[in-house]
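[1] what shape does this take:
(4 chains)
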There are 2 protein chains.
Amino acid sequence: MATAPQEVCVTDNLMHFLELSETDKRLLATLEQTPQPVAKGQQLWKASERPDTLYTLRRGWAYSMHRSESGEEQVLDIFLPGDLMGIRELTFPAHSTDVVMLTSGVVCPFPAERLLDIYQRSPSLTLAIHAAAARQQVIISKRLVNILRHDARAKIAHFVLELYYRLKRVDESVHRNFAVPLLQSDFGKLLGMTKVHVSRTLSEMENQGLLRKTRKDIQILDLDRLLEISAFDPMKLTDQLNPTLTAALPSPGPS
Amino acid sequence: MATAPQEVCVTDNLMHFLELSETDKRLLATLEQTPQPVAKGQQLWKASERPDTLYTLRRGWAYSMHRSESGEEQVLDIFLPGDLMGIRELTFPAHSTDVVMLTSGVVCPFPAERLLDIYQRSPSLTLAIHAAAARQQVIISKRLVNILRHDARAKIAHFVLELYYRLKRVDESVHRNFAVPLLQSDFGKLLGMTKVHVSRTLSEMENQGLLRKTRKDIQILDLDRLLEISAFDPMKLTDQLNPTLTAALPSPGPS
DNA sequence: GCGCAAAGACAACATGGGTTATCAGTAGCG
DNA sequence: CGCTACTGATAACCCATGTTGTCTTTGCGC
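    Prediction:
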């Protein structure tokens, strides 16, 4: 119950954006031919390594994080099942983040060149992958905006809603109550606050009837007020593409 | 003297990453056939518009910004000459930011479909454009990390160094003293602090012999200490690409 | 079932930065 | 040349969050 029950593949993810042809699906499937179980806490890559492998996350959660010289950790991405991991750093000669599994799970590693290959074979897949990457970036940008402008309560509300909507997208079974394998200290690393203050604020939010976080899961008690105080915009995670682009694709329908 | 003296085109920018063939250069040049002067304060796009036009910035500075319902403004990107504007939001059905000129300048608008066209014609240009986009994103991520972990002095130091190294990359004439058309309130919107505190902190930093900001420019007084207190890593803006990718390109050299 | 380590709750205190207000330069403009 | 609006400096005050430390709860290995 701690990790998502079913497996999600990238195809499930990218299909949200665009109708994929059978050829595209087969091409995508070649990325996921080598599923590999990974243990909780396992590192997929480390800062300063060369990014020559990308991963799809089929099951479990992972996160990427900056480690500063002073040993402080800042979490940048939370990866959920179906996510593609590593595109942001792909063009750099070295990784700048570590990526660690938050739970046990299953990943599919594939060589970076395979992506270039896909770019040359399928414009629609290229677009879908871009869209997915852009949404990962927008998640970070939105977090930046929110973090800079709001207090601890709003930061937490914003992040919880981010998780809620991202999870619902790939897992129908997610309801007001969903499993979250994150500690209070992880919230802190993500939102740039101390775990002490996370604890303080979570207690406060529970007293106010907003949400309840236990060790394993989160229960959303008052969705409307959470949306209100965090100014979260679910549309930012939209699956809709820019019509200008889809119209310009060579073969609009499934071929 | 307030705006950069010379013009910089995208080619100048992308050439940093990769040797471009003549064909590639000609292809790129087609994007910049319609230079258009823009006035200070002019908006290039607004939130909620559909992103059907991209821009290259040839001369002048611009910034993109989120406006929240409560009217607060959060600056996300600072665009400098040579930058490509609009890729992050390209795949979304609507812009989420406003983009405004900070100075007068020259931009080259081109239709979004042209980019897809380039993707299909030139793998090396595709890679170079990705690299540039990824670096814009990394700038934001680094700012996030830095902002969350450090105090006002370090935030300002970090941002000033970001500007310094980005400017030096495209403009040889930049020295310890360089023109910056940003107000203290712009610093505030960018770094998530009030202009009052920006003022306070700038005074403090000048007293400490770190840097001096006037209305028109910034003077770096002690580069080493600025690097130290901000933990800024100039390598993050590296022009180097991932060798794994360049090796996989169809035609490695200029063809 | 016991013991230990990790996670979380809570309290007391310190402080960086927000808020508000006032005043002084500065730039734009008639 | 002077009016006006904007930008920046500075001060007083306050609050949200960081810091430190202690105690409780939970989970896990033996």
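[2] need the residues of the stretch 1-150 of chain A near chain B, please.
    Residues of the stretch 1-150 of chain A lying near chain B by CB under 8 Å from any CB of the partner chain: A:50-52, A:66, A:68-70, A:72, A:74, A:76, A:88-93, A:96, A:112-113, A:116, A:119-120, A:123, A:126-127, A:130-131, A:134, A:137-138, A:140-141, A:143-145, A:147-149. C-beta: built from backbone N, CA, C; applies to glycine.
[3] any residue of the helix ranked longest in chain A touching DNA strand C?
    Taking DSSP state H as the criterion, chain A has its longest helix at helix A:123-149. No. Counting by CB under 7 Å from any atom of the strand, DNA strand C has no neighbours in helix A:123-149; the shortest distance is 8.3 Å.
[4] give me the distance from that helix to the chain's centre.
    Offset of helix A:123-149 from its chain centre (CA atoms, centre = their mean, to the nearest Å): 10 Å.
[5] buried stuff in stretch A:144-158?
    Judged by neighbour count (16 or more other CB atoms under 10 Å in any protein chain shown), stretch A:144-158 contains these buried residues: A:144-150, A:152-158.
[6] tell me the one of the residues you listed nearest DNA strand D?
    Of all these, the one with the least separation from DNA strand D (CB to the nearest atom of the strand) is A:A152, at 3.6 Å.
[7] contacts only, for the closest residue to that closest one other than its chain neighbours.
    Using CB to CB, 6 or more residues apart in numbering or on different chains and skipping the chain neighbours, the partner closest in space to A:A152 is A:T201 (4.4 Å). The contact partners of A:T201, taken as CB atoms under 8 Å, 6 or more residues apart in numbering or on different chains, are A:152-153, A:156.
[8] got the angle for the longest helix of chain A vs helix B:123-149?
    Helix A:123-149 and helix B:123-149 are oriented at 20 degrees to each other (axes from the mean of the first three to the mean of the last three CA atoms, to 10 degrees).
[9] which SS state does A:L163 fall under?
    Under the three-state scheme (DSSP: H, G, I helix; E, B strand; the rest coil), A:L163 adopts helix.
[10] ok, it to DNA strand C distance?
    As defined by CB to the nearest atom of the strand, to the nearest Å, A:L163 lies at a distance of 15 Å from DNA strand C.
[11] I'd assumed A:I218 was in contact with that residue.
    Yes. In terms of CB atoms under 8 Å, A:L163 counts as a neighbour of A:I218; the distance is 7.4 Å.
[12] overlap in contacts, the two.
    Overlap of the contact sets of A:L163 and A:I218 (by CB under 8 Å, 6+ apart) consists of A:178, A:180.
[13] report the contact partners of the residue nearest to the spatial centre of chain A.
    In chain A, the centroid-proximal residue (CA atoms, centre = their mean) is A:F79; its distance is 3.6 Å. A:F79 sits next to A:57, A:61-64, A:85, A:99 when contact means CB under 8 Å, 6+ apart.
[14] ok, and the most crowded of these?
    A:L57 (27 neighbours; other CB atoms under 10 Å in any protein chain shown).
[15] thought A:P51 was touching A:T97?
    No. Using CB under 8 Å, A:P51 is not in contact with A:T97, being 10.1 Å away.
[16] find the residues that touch each one of those two.
    Counting by CB under 8 Å, 6+ apart, the residues touching both A:P51 and A:T97 are A:45, A:89.
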